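Chemist: what shape does this take:
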Amino acid sequence: MRIPTEPIGSIPRPLELIEGLTANAAGKLSSAALSTLFDRAVQDTIRRFEATGSPVITDGEQTKPSFATYPLDGMAALDPDGVVILFADGHTRQLPKITGGPFRYQQKAVTFYNHAKRYTRTPVKQAVISASALSLLYPQEAIPGYSREAFIADLLNEHEADIRSCLAAGACTVQIDFTEARLAVKLDPGKGLLRSFVGLNNQVLERFAGLERNRLGVHTCPGGDQDSTHSADVDYAELLPLLFELKVKNFYLQYASERDKRQVLRTVKRSMKPAQRIFLGVTDVLDPRIETPEEIRELILEAAEYIPPAQLGTTDDCGFSPFADDTSTSRDTAFAKIKARLEGTRLAQDVLSKKKAVG
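Modeler: Model prediction:
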């Protein structure tokens, strides 16, 4: 019995890259020199991923400014004073807002995928930001000559193209980052906002055929950043029934940091559909302690009591550094946790295989 295991995406950037980004922003480092640092970071990330034995890897999002804003890099029609997201420790992240149209991605995720594939033969997955997250770029006040309806139409086309280009290039999986899902429930307990987000994302997903959808996935978490979250206080039971309405096969769920894990598993069991695969997070990316493989094995075996093993996979709770300036976790810690996940998954796989053979 094989239990698939995949990372989410981001890996902490090397210190020299973080310092280089700061220097470049201040005009003290050339773009060419920064590109060299980017390339060095991608190569080192891939080398370290391969050393863990991971069957699927990413580029660690080393060259993304953030998981959410890569399509906007270089866009002129932007105002920095957009939606503010508050985290539990008091820090905030702020999205920009567009000031005109038509809306076009300035950079597509396939750029990152193609860069990574130059250095590896290991299957590479690629994360893309959700249409629902980017829908927050349109301001509350209307833009003269560019309606919200026109923006949404452009956004859906651009998001579809972002996904298709990654599939066409050979990404083994395209993962849609939907971290705003849980936040939507916090902002609107009536779940109207979440329903609208799910509906918007499904408008894109419906454009893909069944076999294509098998290579698509959705990731949700309470927004891990700088060892804090924006919506961990939202009960999964309020989110999962609607989340599983998304028309994809693979779901990557934050789980290791949940307090009442059996309640989460009961909710997953009630909500999931037969054709869906559930990748449960078995490493807590906000906790500096490195889990043991045995601890991870037990998490997986407990999950297998609720989720059919044929539909079960493992992952990390979230990306380790979704924003380029996040230094809360070291690269060594991130890869040690990934290694523990791989070993723990293998241990659980052995136990479940033996049970199946006996049964």
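
Chemist: only C-alpha atoms for contact and neighbour calcs from this point on.
Modeler: Fine.

Chemist: low-scoring stretches of this structure, by residue?
Modeler: 359 (pLDDT under 70).

Chemist: now the helices for it?
Modeler: 15-25, 31-52, 110-117, 131-134, 148-169, 180-187, 192-205, 210-213, 240-243, 261-271, 293-303, 331-358 (DSSP state H).

Chemist: what is the third one packed up against?
Modeler: If I follow you right, that is helix 110-117. Other elements packing on helix 110-117 under the criterion 3 or more CA pairs under 8 Å, 6 or more residues apart in numbering; DSSP states H and E are helix 31-52, strand 126-129, helix 148-169.

Chemist: list the buried residues in it.
Modeler: V110, F112, Y113, N114, A116, K117 (16 or more other CA atoms under 10 Å).

Chemist: ok, how many other residues are close to the residue lying closest to the third one once chain neighbours are set aside?
Modeler: Going back to what we said before, that points to Y113. Here the nearest residue to Y113 in space, its sequence neighbours aside, is Q126; by CA to CA, 6 or more residues apart in numbering that works out to 6.3 Å. Burial of Q126 is recorded as 28 neighbouring residues (other CA atoms under 10 Å).

Chemist: please apply the same query to the one 10 residues further on.
Modeler: A count of neighbours around L136, defined by other CA under 10 Å, yields 15.

Chemist: reformat the helices of the chain as TSV; add distance to V234.
Modeler: Below are the helices of the chain laid out as TSV (distance: least, CA to CA, whole Å):
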stretch	distance to V234
helix 15-25	32
helix 31-52	32
helix 110-117	33
helix 131-134	18
helix 148-169	28
helix 180-187	6
helix 192-205	13
helix 210-213	28
helix 240-243	11
helix 261-271	12
helix 293-303	21
helix 331-358	26
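
Chemist: out of those, the one nearest C221 is which?
Modeler: C221 lies closest to helix 180-187 among the helices of the chain, at 7.0 Å (CA to CA).

Chemist: give the contact list for V285.
Modeler: G224, D316, D317, C318, G319, F320, A334 (CA atoms under 8 Å, 6 or more residues apart in numbering).

Chemist: and I11, by the same measure?
Modeler: Counted by CA under 8 Å, 6+ apart, I11 has contacts T45, G60, E61, Q62, G319, F320, S321, P322, R331, A334.

Chemist: got it, and S165?
Modeler: V110.

Chemist: number the chain from 15, please
Modeler: Happy to do that; since the first residue is 15 now, the last one works out to S179.

Chemist: R291 contacts K263, doesn't it?
Modeler: Yes - in this structure R291 lies within contact range of K263 using CA atoms under 8 Å: 6.0 Å.

Chemist: which residues touch T106?
Modeler: V98, I99, L100.

Chemist: I321 and K287: what is the separation?
Modeler: 11 Å (CA to CA, to the nearest Å).

Chemist: give me the more crowded residue out of those two.
Modeler: Neighbours around I321 and K287, counted as other CA under 10 Å, are more numerous at I321. The numbers are 21 against 14.

Chemist: before we move on, the earlier item: tell me the most packed of the contacts of V299, by neighbour count.
Modeler: Highest neighbour count within these, by other CA under 10 Å: F334, with 31 neighbours.

Chemist: what's the spacing between L148 and Y119?
Modeler: When distance is defined by CA to CA, L148 is 11 Å away from Y119.

Chemist: intersection of neighbour lists for the two?
Modeler: The contact sets of L148 and Y119 do not overlap (CA under 8 Å, 6+ apart).

Chemist: thinking again about what came up before, and which of the contacts of T106 is nearest G206?
Modeler: Of the contacts of T106, the one sitting nearest to G206 (CA to CA) turns out to be I99, at 18.7 Å.

Chemist: residues in contact with the closest one?
Modeler: T106, R107, Q108, H244.

Chemist: just give the closest residue to S68, not the sequence neighbours.
Modeler: Closest to S68 by CA to CA, 6+ apart is L356, at 6.9 Å.

Chemist: burial count for the one you found?
Modeler: Residues lying near L356 (other CA under 10 Å) number 24.

Chemist: my guess is it contacts A65, does it?
Modeler: No - using CA under 8 Å as the test, L356 is too far from A65 to be in contact (11.6 Å).

Chemist: how close does C186 sit to D249?
Modeler: Distance, C186 to D249, by CA to CA: 31 Å.

Chemist: cool, and P21?
Modeler: 24 Å.

Chemist: out of the two, which sits in the busier spot?
Modeler: Counted by other CA under 10 Å, P21 and D249 do not tie: P21 has more neighbours, with 27 against 16.

Chemist: for stretch 279-286, list every residue counted as buried.
Modeler: L279, T281, V282, S285, M286.

Chemist: quick check: of those, which lies closest to E226?
Modeler: Nearest to E226 among these: M286, at 19.8 Å, using CA to CA.

Chemist: the closest residue to the closest one other than its chain neighbours: how many residues sit nearby?
Modeler: Distance criterion CA to CA, 6+ apart; nearest residue to M286, sequence neighbours excluded, is F258 at 6.0 Å. F258 has 19 neighbouring residues, counting by other CA under 10 Å.

Chemist: make TSV from the buried residues of stretch 279-286 and add distance to A362 to it.
Modeler: Below are the buried residues of stretch 279-286 laid out as TSV (distance: CA to CA, whole Å):
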residue	distance to A362
L279	17
T281	22
V282	20
S285	24
M286	22
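
Chemist: sweet, I'm off.
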